[in-house]
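1. Build the 3D model from these lines:
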Amino acid sequence: MTSVTTSPVRRRHLDADRVFGAAVVGITGLLLVVFVLVPLWAILKTSFVTPQGIGLGNFVLYFTSARFLGIVGNTFQVGISVTVTTLVLAYGFAYAMQRSCMPGKSVLRLVALLPIFSPSLVQALGLQFLLGRNGLVNRTFGTEIDIYGFWGIFIADVVYAFPHAFLILTTALAVADARIYESAKSLGAGPWRIFRTVTLPGTRYGLASAGFVVFTIVITDFGNPVVIGGNYSVLAVEIYNQVSGQANFSMGAVIGVVLLLPAALAVMGEKWIARRQFASVTSQSVPLVPKPRFGRDMVWLAYSIVIAAAILSLVAIVVYASFVRLWPYNLSLTLRHYGFDVQNGIEPLWTSIEVALVTALLAIVFVIGAAYANHSFPSRAGRFVYFLAILPAAVPGMVLGLGYILAFNTPGQPVYWIYDTILIIAVCNVYHYHAQGFLLATTNLKQISPTFDEASSTLGATKLTTVWRITLPLIWPTILGVGVFFFMRAMVTLSAVIFLITPSTQLAAVSVLYLDDRGALNQAAAFAVCIMATVIGFLLLAQLALRLSGVRGVSLVR
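-> Got it, this is the predicted structure:
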């Protein structure tokens, strides 16, 4: 009988690895509990606080109110109608990109993604300039189009949600087995029947996933409804009115709970669909390569141009208005609005950039750390970290922001010191979009072969050494992508931070909202253009950094 002994060096390495693993999982889990679970608990707890004590009085009051039921109905009316319309339009656009040989794909794709680079309210601002009471169309043609209300929200949200659906559906349509299509043709099936029986079923999971994502985005959107909704109120705007307008935190919490439920159900539905999805392409598959057909390609080109023109018109009119002296009365061009001779001047833009940079840096540490903890240290604690890491996907931004007020705006709280600073805004941004960054990093970590860890361990290296010298260099493009994603989101987000800003931490996206509310449309347009230019400029610099380092074929727009 032989005994196996562990060398003192090996034992020290094992002990160091255990300590490192416990520290990574423990710190990651603690941060998620503090900045995700605690705010949600604060929302839930506050929703039951009534003047008479703890009870269901707030829920009874709201659910017996005809006005509140009407707001809930409005929210679902907008959510369902926008989701269906967006899916139809985005599916056609994605199909044109992937299944035709039309020219100009790269330009059209870039135009389709423009709404990602701007706050959601930019679409509503563009609609005001085009179809508002003093809009270009009404003044040019003498019409009396009233865009405020349901139709304004509907159009603005379709444009806002379009690129999100387009990216998912493009992925779903990107691959297919040419053998199935050849078999269908040999059996006499025409193009329409092939689409109904082969293409559509093959992309049903992508279609369902896009539907859940769009529905979540729309019912939680605050920017477009508050700018162009008029008297047509939805839940996201009602939270803002209750908290900021009436300081009624209990009722705001009730609405937050109500808004949280459909958002959570939609996210769970998307995850369920993703788990059921199977590979449509195997090792024996023949990639489907579209062949040029002039008539078909021209039809899809015309369709894509119409979609792109609609999106571009809303962005272009905002850019144009930012150079107009006084919309709509004096249309002579000027740069005066870029002087930012308004309250706080250009300071909100610099504050937004600072917040976005801090958000990106925190996300690289916290989000990559959470992904590494979940990937490298599987355990019950790791599974709990995974649950908390993806939980924010089901939490609307306004609900999380309100939770931060209720949870952290009390002296004596351990994290009270970050309140009323840009740090709390950055942290809120990190955990608002935590799930997307976490899943991106986790997917990339799973692509790294475990042989690297095994070889490193054999050579006597600790986990920390392996991470520093092997893992991080291998995934650095993903790390950069996570940073870029969070920078972009932090620059354009509105709902998650609307409750957290103060006069000293004013943000550019919020300035657009306030300027529009005051009727200073030209200045609002100028701020919006600066936000878009900053986001696009940062994205181009990051993409250039990838190219200069030799990384090709990686897009940072997700």
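2. show me where pLDDT drops low in the stretch 451-558 of the chain?
-> For the stretch 451-558 of the chain, applying pLDDT under 70 flags the ranges 451-464, 468, 550-558.
3. at 80 instead, please
-> Within the stretch 451-558 of the chain, the set of residues satisfying pLDDT under 80 comprises 451-476, 549-558.
4. Scan the helices and strands of the protein for the one with the lowest mean pLDDT.
-> Lowest by mean pLDDT, DSSP states H and E among the helices and strands of the chain is helix 451-458, with a mean of 60.
5. I'd like to know how far Gly437 sits from Leu402.
-> Applying Cβ to Cβ, to the nearest Å, the value for Gly437 to Leu402 is 22 Å. Glycine gets a C-beta too; all of them are placed from N, C-alpha and C.
6. Buried residues of the helix or strand containing Arg67, list them for me.
-> Element membership for Arg67 (DSSP states H and E) is helix 66-99. For helix 66-99, the buried set under the neighbour-count rule, 16 or more other Cβ atoms under 10 Å, comprises 68, 71-72, 74-75, 78-79, 81-83, 85-87, 89-99.
7. and what of stretch 137-146?
-> Asn138.
8. rewinding a little: what's the angle from the following helix or strand past the helix holding Arg67 to helix 66-99?
-> Remark: after helix 66-99, the chain's next helix or strand is helix 105-112, criterion DSSP H and E. Counting by axes from the mean of the first three to the mean of the last three Cα atoms, to 10 degrees, helix 105-112 lies at 170 degrees to helix 66-99.
9. buried ones in helix 105-112?
-> By neighbour count on 16+ other Cβ under 10 Å, the buried set for helix 105-112 is Leu108, Arg109, Val111, Ala112.
10. same check, this time on stretch 198-209
-> Taking 16+ other Cβ under 10 Å as the criterion, stretch 198-209 shows Val198, Thr199, Gly202, Thr203, Tyr205, Gly206, Leu207, Ala208, Ser209 as buried.
11. need those in CSV with secondary structure, distance to Ile239 and pLDDT, can you?
-> Shown next, in CSV, are the buried residues of stretch 198-209 (DSSP: H, G, I helix; E, B strand; the rest coil; distance: Cβ to Cβ, whole Å; pLDDT from 0 to 100):
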residue, secondary structure, distance to Ile239, pLDDT
Val198, helix, 45, 82
Thr199, helix, 41, 82
Gly202, helix, 40, 81
Thr203, coil, 35, 84
Tyr205, helix, 33, 82
Gly206, helix, 32, 83
Leu207, helix, 30, 87
Ala208, helix, 28, 86
Ser209, helix, 27, 83
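12. and the two most separated of these?
-> Val198 and Ser209 (19.3 Å; Cβ to Cβ).
13. picking up where we left off before, which one of the buried residues of helix 105-112 sits closest to Gly483?
-> Using Cβ to Cβ, these come closest to Gly483 at Arg109, 22.9 Å.
14. which residue sits closest to the closest one, ignoring its sequence neighbours?
-> Among residues not flanking Arg109 along the chain, Met97 sits closest, at 6.3 Å (Cβ to Cβ, 6 or more residues apart in numbering).
15. contacting residues for that neighbour?
-> By Cβ atoms under 8 Å, 6 or more residues apart in numbering, the contact set of Met97 is Lys105, Leu108, Arg109, Thr170, Leu173, Ser304.
16. From Gln242, how far off is Lys291?
-> 57 Å.
17. out of those two, which sits in the busier spot?
-> Gln242 (20 against 9; other Cβ atoms under 10 Å).
18. Check whether the more buried one really touches Val258, as I assumed.
-> No: checked against Cβ atoms under 8 Å, the pair Gln242 and Val258 is beyond contact range at 11.8 Å.
19. Let me know how buried His319 is, in neighbour terms.
-> To be clear, residue 319 is Val; His isn't right here. By other Cβ under 10 Å, 15 other residues sit near Val319.
20. Might you report the residue contacts of it?
-> Applying Cβ under 8 Å, 6+ apart, the residues near Val319 are Ala525, Val529.
21. For Thr442, which non-adjacent residue is closest in space?
-> Counting by Cβ to Cβ, 6+ apart, the residue nearest Thr442 is Ala371, at 4.5 Å.
22. What are the buried residues along whichever strand or helix holds the one you found?
-> Assigned by DSSP H and E, Ala371 belongs to helix 347-376. By 16+ other Cβ under 10 Å, the buried positions in helix 347-376 come out as 348-349, 351-360, 362-364, 366-376.
23. What of stretch 520-536?
-> Within stretch 520-536, judged by 16+ other Cβ under 10 Å, the buried ones are 520-532, 534-535.
24. which other residues reach it?
-> With Cβ under 8 Å, 6+ apart, stretch 520-536 has contacts from 114, 117-119, 122, 125, 128-129, 315, 318-319, 321-322, 324-327, 337-338, 340, 342, 348-349, 352-353, 487-488, 491-492, 508-509, 511-513, 515-516.
25. again, only this time at 7 Å
-> Contacting residues not belonging to stretch 520-536 are listed as 117-119, 122, 125, 128, 318-319, 321-322, 324, 326-327, 337-338, 342, 349, 353, 488, 491-492, 508-509, 511-512, 515-516 [Cβ atoms under 7 Å, 6 or more residues apart in numbering].
26. Can you give me the neighbour number for the residue lying closest to Leu513 once chain neighbours are set aside?
-> Closest residue to Leu513 apart from its sequence neighbours, by Cβ to Cβ, 6+ apart: Leu121 at 6.0 Å. Leu121: 28 surrounding residues under other Cβ under 10 Å.
27. pLDDT score assigned to Leu121?
-> pLDDT, Leu121: 88.
28. shouldn't it be in contact with Phe222?
-> No: with contacts counted by Cβ atoms under 7 Å, Leu121 stays clear of Phe222, the gap being 8.3 Å.
29. Which residue ranges make up each domain of the protein?
-> 13-64+336-558, 67-321 (automatic domain parsing).
30. Out of these, point me to the one whose mean pLDDT is lowest.
-> Minimum mean pLDDT among these: domain 13-64+336-558, a mean of 84.
31. just how off-centre is it within its chain?
-> Here domain 13-64+336-558 shows a centroid-to-chain-centroid distance of 11 Å under the convention Cα atoms, centre = their mean, to the nearest Å.
32. Please apply the same query to stretch 56-69.
-> 31 Å.
33. how about it: buried residues?
-> Buried, per 16+ other Cβ under 10 Å, within stretch 56-69: Gly57, Asn58, Tyr62, Phe68.
34. Do me a favour and get the end-to-end distance for it?
-> In stretch 56-69, first residue to last residue: 17 Å (Cα to Cα, to the nearest Å).
35. Quick one: residues in contact with it.
-> Under the contact criterion Cβ under 7 Å, 6+ apart, stretch 56-69 has outside partners Ser47, Phe48, Thr50, Ser250, Met251, Val254.
36. again, only this time at 10 Å
-> Contacts of stretch 56-69 with the rest of the structure, by Cβ atoms under 10 Å, 6 or more residues apart in numbering, involve 46-51, 71-72, 233, 235, 238, 248, 250-255, 257-258.
37. Buried only: go through those for me.
-> 46-49, 71-72, 233, 235, 238, 250-255, 257-258.
38. What separation do you get for the closest residue to Val111 other than its chain neighbours and Pro115?
-> Nearest non-adjacent residue to Val111, counting by Cβ to Cβ, 6+ apart: Ala308, 4.2 Å away. Distance of Ala308 to Pro115, computed by Cβ to Cβ: 12 Å.
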